[in-house]
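S.K.: all I have is the shape, not the residue letters:
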Ligand SMILES: [Mg+2]
Ligand SMILES: [Zn+2]
């Protein structure tokens with residue numbers, strides 16, 4: 001039973017500019033070369049799945065409905081660049097801020113693996129053939145926990161995370177990339193597809 005290979009993408013700081021919290025549609029901007037990068041993954045038949053912590057909901061910074069609007073905008077912009085996502089999964093919780101039900105010790109906030117368990121079922125993914133790309137130590141740790149390779153991007157919080165915190169991480173990334181596009185190039189090389197142009 002060979003499942004699909006997937007690339008799990010963090011959202012803020014990886015796909016779109018890290019602005020603290022995207023608490024309004026107008027604060028969502030795609031980073032450069034993101035459409036091109038995702039298009040390459042689409043073309044080579046990776047499942048492309050966004051996995052994002054959105055604790056701003058639990059913190060009371062924005063309503064959960066905004067997440068859906070932002071994701072629609074993200075998909076529209078990607079579509080304009082010839083790219084698409086196979087799934088988007090988010091965690092709106094926080095363990096100790098806000099009010100229940102959003103305040104809870106959930107199983108879906110990265111680096112916990114609950115969101116992936118849903119994605120793996122929905123899309124028949126084999127994590128051992130898959131990759132995680134994100135800008136934080138939690139994304140790297142998340143990759144280790146699900147048994148995928150992990151790539152840290154230096155966009156978003158990436159540079160600071162790498163410079164000041166890598167010594168504290170339980171696991172190290174398999175690769176450190178300037179941005180999502182470079183991360184995808186590395187994946188294609190690993191897969192023997194050779195994405196260099
Ligand atoms: Mg991020
Ligand atoms: Zn959660």
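M.R.: Sure, I can see it. Note that the structure is a prediction, hence the values are computed from the model and not measured. Ligands and ions are numbered 1, 2, ... in the order given.

S.K.: pLDDT score assigned to the closest residue to ligand 1 within the chain?
M.R.: With Cβ to the ion, the shortest gap between the chain and ligand 1 falls at residue 13, namely 3.6 Å. (C-beta placed from N, C-alpha, C; glycine too.) Listed pLDDT for residue 13 reads 98.

S.K.: in this model residue 160 seems to touch it, though I could be wrong.
M.R.: No - Residue 13 lies out of contact with residue 160 (Cβ atoms under 8 Å); the separation is 10.4 Å.

S.K.: which helix in this structure runs the most residues?
M.R.: Longest helix of the chain, by residue count under DSSP state H: helix 64-80.

S.K.: identify the residues contacting the helix or strand bottoming out on mean pLDDT in the chain?
M.R.: Using mean pLDDT, DSSP states H and E, helix 114-123 stands out as the lowest-scoring helix or strand of the chain, at a mean of 93. Outside helix 114-123, the residues that touch it by Cβ atoms under 8 Å, 6 or more residues apart in numbering are 3-4, 6, 8, 47, 49, 51, 86-87, 89-91, 106-108, 125, 127, 142, 146.

S.K.: quick one: that helix to chain centroid distance?
M.R.: Chain-centre distance of helix 114-123: 14 Å, with Cα atoms, centre = their mean, to the nearest Å.

S.K.: buried residues in that helix, which are they?
M.R.: By neighbour count on 16 or more other Cβ atoms under 10 Å, the buried set for helix 114-123 is 115, 116, 119, 120.

S.K.: which residue is the nearest non-sequential neighbour of residue 139?
M.R.: Leaving aside its sequence neighbours, residue 139 sits nearest to residue 10 (Cβ to Cβ, 6 or more residues apart in numbering; 5.0 Å).

S.K.: kindly report the same for residue 137.
M.R.: residue 169 (4.9 Å).

S.K.: what's near enough to touch the one you found?
M.R.: 137, 140, 141.

S.K.: tabulate these (JSON lines), appending pLDDT and distance to ligand 1.
M.R.: Putting those into JSON lines (pLDDT from 0 to 100; distance: Cβ to the ion, whole Å) gives the following:
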{"residue": "137", "pLDDT": "96", "distance to ligand 1": "10"}
{"residue": "140", "pLDDT": "97", "distance to ligand 1": "11"}
{"residue": "141", "pLDDT": "96", "distance to ligand 1": "13"}
